[in-house]
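K.L.:
Build me a model:
(one chain, ligands or ions: 1)
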Amino acid sequence: IMSLLRFGSVLLLFGCSLGAPRSFSVDYKNDCFRKDGEEFRYISGSIHYSRIPRVYWKDRLLKMYMAGLNALQMYIPWSFHEESPGRYNFSGDRDLGHFLQVAQDVGLLVILRPGPYICAEWDMGGLPAWLLNKKDIVLRTSDPDYLAAVDRWMGKLLSLMKPYLYQNGGPIITVQVENEYGSYFACDINYLRHLYKLFRSHLGNDVVLFTTDGPGISYIKCGTIKEVYATVDFGPGVDVTAAFEAQRQAEPHGPLVNSELYTGWLDHWGSPHFVLSSAIVAKALDKVLATGANVNMYMFIGGTTFGYWNGANDPYSPQPTSYDFDAPLTEAGDLTEKYFAIREVIRMYRKIPEGPVPPSTPKYAYGTVVMKKLQTISDALEKLSFSGPVKSEYPQTFIELNQAFGFVLYRTALPVDCSAPTPLSSPLNGVHDRAYVSVNGVAVGILERDKAITVNVTGKAGSQVDILVESMGRINYGHNINDFKGLVTNMTLGNETLKGWTMYSLNIDEAIRQGLLSETKPTASPQPAALSPPTFYKGSFIIPDCIPDLPQDTYIQLPKWRKGQIWINGFNLGRYWPSRGPQVTLFVPANILSTAAPNNVTVLELEEAPCSSGPCSVVFTATPILNATVQSDHKQHGRLFVRDGFL
Ligand SMILES: CCCCNC(=S)N1C[C@H](O)[C@@H](O)[C@@H](O)[C@H]1CO
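P.N.:
The predicted model follows:
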């Protein structure tokens, strides 16, 4: 008997139990989930590992656990892990397995949302841009080329996920198929059925699969199949009873689930920063929990969309670098009044863990860093274009030039003398998404998708016309997610179509990593101009290693700069656009800073840096600014105020 007891205790030590095997299922009889045979309700929060540095995953997850959550909900952005076909990346900040292990160590179960499409204000809703190599691909359908890529990706991903299923000893209790498919135009039930069979083939028959759709029959009709448990999502202000009645139309029995109770909302460049009061969120959470329903709060922490990863809404409206979402934990993981208000609501429904909540991280104001002018994009072409120039009669798109993100330089020449200002246009609004136009190295204007399709140019025949085109992020929701970038239609000068193009695919990130950009000899004090050709600037600062606790998190602000991209020690921090707002500062996580060497700051200013009137600088401050006044030329999104019922 002693040896049996000893053996049993060893098994328990390793999380096995001599009793019933680990199980998680839907109990249709009692309208609930069951975990290991016991009734179970999840109170969950969304966190995107792809928007938080790996070093901070445990801090954020602990804060979520201490708020009283028993689960987290996470997306897997396909493009984050397969940037080109067959080249997978699951390391460092993309180490999915490590994130799942930390979640389990902290004591959080996992609601996995692997897509293949995820929306999430992520470029093309998480779908990799290289799918657009097939120009007429119909994404999120039974398109054979799309499904072949999905089968390969899901074969790789779901095989990695299987050991992390709850039944197999891991934290994953449920897996979502697709994402709000009922909101998509295609309504291709065979596609959903294909995904169902694909998920079952890799994950087995035990794991609970579910779908999520808006709380209405119009969404549920095309978003659900009988083999997969249907859930709904809705924000504060939506009538809870009506929303769950909609779910009951698809699932007369089984647990009630709100998969996305919005705690805030997304931002767009040029629109006011969205905030939602703690009282509204707490009241909405209480109403949902009072029904006995399961709930996931979207977002519990939003984090940062680093690099070029952000998406856009349609009509074309790209989202900013910050994904703060006015969530209970700020972009930097700081505790807010909303965090504690939510915690008090949860306390009414389940025991809250005892003990200290990990504190907000200190922020350090490293101060001003003087910036020196480097080369313009046009001057540095041979350093930036690793693949060299491509010539063709008509402009090619980013994808045709084998580029997914960032910038491409399109070069041509004036075919005739333009002594009078002559319109250079994209008559079909084909600049995707913003273009910076120079003639013989002099900036002459900006073209912008849906906003500005013409600039006037002058110059002699043969003058060099440089058009730097910037992708601002692919549409991630709705009919037009197959969002090609670059000059996607022809350009005209006057009434003539411009022909004879030389295009440079630019790998700026690699050029900066290799330190290829050089300073330029200071020219005679340039006249202050309203616009300059896209130009690099560089500065550096030392963080002394004798100050305890440094480096710490910080924010970077660029006073009087207009729009561009920032790299710190080669890490692509994201886009800045203080001239449009609402975001003015960018979060700088401590892990990209160093006390062992000077910290290099590289800025690509696309419009005009405040450097012509003397030394220019950037500033590292301790406080974020996400709600600056914005240009009011931006309309809000109907769906935002209609579907999600915000007050
Ligand atoms: C303006 C249209 C927004 C569409 N997206 C909506 S409703 N959302 C639902 C979607 O499932 C989620 O990924 C997020 O994209 C969320 C908004 O944060």
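K.L.:
Centre of the chain to stretch 327-335, how far?
P.N.:
Chain-centre distance of stretch 327-335: 16 Å, with C-alpha atoms, centre = their mean, to the nearest Å.
K.L.:
ditto for stretch 374-389
P.N.:
Worked out by C-alpha atoms, centre = their mean, stretch 374-389 lies 28 Å from the chain centre.
K.L.:
gap between the two ends of it?
P.N.:
In terms of C-alpha to C-alpha, to the nearest Å, the two terminal residues of stretch 374-389 are separated by 22 Å.
K.L.:
Equivalent analysis for stretch 427-441, please.
P.N.:
End to end - C-alpha to C-alpha - stretch 427-441 spans 24 Å.
K.L.:
Over to stretch 81-88?
P.N.:
5 Å.
K.L.:
List the contacts of it.
P.N.:
For stretch 81-88, the external contacting residues (C-beta atoms under 8 Å, 6 or more residues apart in numbering) are 89-90, 94, 96, 128, 130, 149, 152-153, 156-157, 404. No exception for glycine: its C-beta is placed from N, CA and C like everyone else's.
K.L.:
so how far is that stretch from its chain's centroid?
P.N.:
Counting by C-alpha atoms, centre = their mean, stretch 81-88 comes out at 18 Å from the chain centroid.
K.L.:
mind listing what's buried in it?
P.N.:
Within stretch 81-88, the residues that count as buried by 16 or more other C-beta atoms under 10 Å are 81-82.
K.L.:
How are the strands of the stretch 351-500 of the chain distributed by residue range?
P.N.:
For the stretch 351-500 of the chain, applying DSSP state E, counting those that start in this stretch gives strands covering 367-376, 389-392, 407-413, 418-425, 431-432, 434-439, 442-448, 454-459, 464-470, 486-487, 492-493, 496-497.
K.L.:
How about the longest helix seen in the chain, which residues are buried there?
P.N.:
Ranked by residue count, the top helix of the chain under DSSP state H comes out as helix 144-161. Neighbour counts over helix 144-161 (16+ other C-beta under 10 Å) mark 146-147, 149-151, 153-154, 157-158, 160-161 as buried.
K.L.:
can you check stretch 451-462 too?
P.N.:
Per 16+ other C-beta under 10 Å, stretch 451-462 contains these buried residues: 451-453, 455, 457, 459.
K.L.:
Is it possible to get a markdown table of those residues that adds distance to Gln375 and pLDDT?
P.N.:
Formatted as a markdown table, these follow (distance: C-beta to C-beta, whole Å; pLDDT from 0 to 100):
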| residue | distance to Gln375 | pLDDT |
| --- | --- | --- |
| Lys451 | 29 | 96 |
| Ala452 | 26 | 97 |
| Ile453 | 29 | 97 |
| Val455 | 23 | 98 |
| Val457 | 23 | 98 |
| Gly459 | 22 | 98 |
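K.L.:
Of those residues, just say which sits nearest to the ligand.
P.N.:
Of all the buried residues of stretch 451-462, Lys451 has the smallest distance to the ligand: 18.5 Å, by C-beta to the nearest ligand atom.
K.L.:
Next one: the closest one relative to Tyr555, how far apart?
P.N.:
Remark: distance between Lys451 and Tyr555 (C-beta to C-beta, to the nearest Å) = 29 Å.
K.L.:
can you pull the contacts of the closest residue to Arg54 other than its chain neighbours?
P.N.:
Of all residues beyond its chain neighbours, the one nearest Arg54 is Asp93 (4.9 Å), with distances taken as C-beta to C-beta, 6 or more residues apart in numbering. Residues in contact with Asp93, defined by C-beta under 8 Å, 6+ apart, are 49-50, 53-54.
K.L.:
ok, now Val630?
P.N.:
Counted by C-beta under 8 Å, 6+ apart, Val630 has contacts 270-272, 580-582.
K.L.:
Around whichever residue of the chain sits closest to the ligand, count how many other residues there are.
P.N.:
Evaluated by C-beta to the nearest ligand atom, the chain has Cys119 as its residue closest to the ligand, separated by 3.4 Å. Residues lying near Cys119 (other C-beta atoms under 10 Å) number 21.
K.L.:
Look up which helix or strand it falls in, please.
P.N.:
Cys119 belongs to no helix or strand when assigned by DSSP states H and E.
K.L.:
wait, isn't it in contact with Asn179?
P.N.:
Yes. The pair Cys119 / Asn179 is scored as a contact, 5.3 Å apart, by C-beta atoms under 8 Å.
K.L.:
what touches both of those two?
P.N.:
With C-beta under 8 Å, 6+ apart, Cys119 and Asn179 have common neighbours Gly125.
K.L.:
Which SSE is immediately downstream of the stretch of helix or strand Gly45 belongs to?
P.N.:
According to DSSP H and E, Gly45 maps onto strand 43-47. Next along the chain after strand 43-47, taking DSSP H and E as the criterion, comes helix 57-66.
K.L.:
what helices or strands is that next one leaning on?
P.N.:
strand 43-47, helix 96-106, strand 294-301 (3 or more C-beta pairs under 8 Å, 6 or more residues apart in numbering; DSSP states H and E).
K.L.:
for the longest one, packing partners?
P.N.:
To tie it back to what came earlier, the one meant is helix 96-106. Short answer (3+ C-beta pairs under 8 Å, 6+ apart): helix 96-106 packs on helix 57-66, strand 109-113, helix 144-161.
K.L.:
is it possible to export those to TSV including distance to the ligand and mean pLDDT?
P.N.:
Converted to TSV, those look like this (distance: least, C-beta to the nearest ligand atom, whole Å; pLDDT from 0 to 100):
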stretch	distance to the ligand	mean pLDDT
helix 57-66	18	98
strand 109-113	8	99
helix 144-161	18	98
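K.L.:
possible to save the ones you listed as CSV with distance to Met371?
P.N.:
Conversion of the helices and strands packed on helix 96-106 to CSV gives the following (distance: least, C-beta to C-beta, whole Å):
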stretch, distance to Met371
helix 57-66, 32
strand 109-113, 41
helix 144-161, 41
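K.L.:
Contacts only, for the closest residue to Leu493 other than its chain neighbours.
P.N.:
Residue nearest to Leu493 in three dimensions, not counting chain neighbours: Leu424, with 5.4 Å by C-beta to C-beta, 6+ apart. Residues near Leu424 by C-beta under 8 Å, 6+ apart: 437, 454-457, 465, 491-493, 498.
K.L.:
Look up which residues are beta-bridged to Leu424.
P.N.:
Legend: beta-bridge partners of Leu424 under DSSP bridges are Val455, Leu493.
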